[in-house]
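Engineer: Provided below are the primary sequence and the corresponding predicted coordinates.
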Amino acid sequence: MQNTNQISTPEQRVLIYSAQTPRVANKQIYFVFSQYQMEDILMDTPVRPVPFSPSYIEGVAEWRNQVMPVISLEACLGMESLDSSKIQRLMVVRALKNEAAPMGIYRIMLRIVPPIRMLTLPIECSSISGRWIPENYFAKGVYEWEDSLLVVAHMQNILHGRK
């Protein structure tokens, strides 16, 4: 057996799923989350509406005895949403509420339409302007990838409702 001083590191992966929006410049839009951020995917979970909540909050749902907000990223970013007849699921996402407090982990749910793809980093893509996103302060970054656009949500701004 050879002794090497190399430490193997696990591959870093991201999950992408298709935004339910019209194409932009003939490119499909995908939302991107790290594998660490995605905690669970739920089927057939009831969402209860919350009166007087912001338009991007679809309601609340229960997961592991916790009530969490269900957010539409499309609405949050001010993008036109397409009605989908496909089966929808809820994805439980972890987010740091305050980057200065790394132990302050909060969770939200996002309505998603499968399929969900897993990609291994690095991804060959290039950063582009997200000026076409009406509420772009809720986007941390926008990247051109193959014939698609990848949007990274700014979870801290979404959680704080910051503009």
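Structural biologist: In hand now; what should we look at? Fair warning: this is a prediction, and the values are worked out from it, not measured in the lab.

Engineer: give me the below-cutoff pLDDT ranges for the protein.
Structural biologist: Within the chain, the stretches with pLDDT under 70 are 1-9, 84-86, 96-105, 162-163.

Engineer: quick one: the strands in it?
Structural biologist: 13-18, 28-34, 38-42, 57-63, 66-71, 89-96, 105-112, 116-120, 126-128, 139-145, 148-153 (DSSP state E).

Engineer: relative to Leu77, which of those is closest?
Structural biologist: When the strands of the chain are compared by C-beta to C-beta, strand 139-145 sits nearest Leu77, at 6.2 Å. For glycine as for every other residue, the C-beta is placed from the backbone atoms N, C-alpha and C.

Engineer: in that closest one, what's buried?
Structural biologist: Within strand 139-145, the residues that qualify as buried are Ala139, Lys140, Val142, Tyr143, Trp145, counting by 16 or more other C-beta atoms under 10 Å.

Engineer: ok, and the closest non-adjacent residue to the third one?
Structural biologist: Counting by C-beta to C-beta, 6 or more residues apart in numbering, Gly130 is the residue found nearest to Val142 once chain neighbours are left out, at 3.8 Å.

Engineer: show me the contacts for that neighbour.
Structural biologist: Gly130 makes contact with Asn136, Ala139, Gly141, Val142, Val151, according to C-beta atoms under 8 Å, 6 or more residues apart in numbering.

Engineer: and those as CSV, adding distance to Ala19?
Structural biologist: Below are the contacts of Gly130 laid out as CSV (distance: C-beta to C-beta, whole Å):
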residue, distance to Ala19
Asn136, 14
Ala139, 11
Gly141, 15
Val142, 12
Val151, 7
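
Engineer: name the nearest of those residues relative to Ala95.
Structural biologist: For the contacts of Gly130, the closest approach to Ala95 (C-beta to C-beta) belongs to Ala139, at 14.3 Å.

Engineer: quick one: contacts for that closest one?
Structural biologist: Ala139 makes contacts with Leu77, Gly130, Ile133, Val151, Val152, Ala153, His154, as judged by C-beta under 8 Å, 6+ apart.
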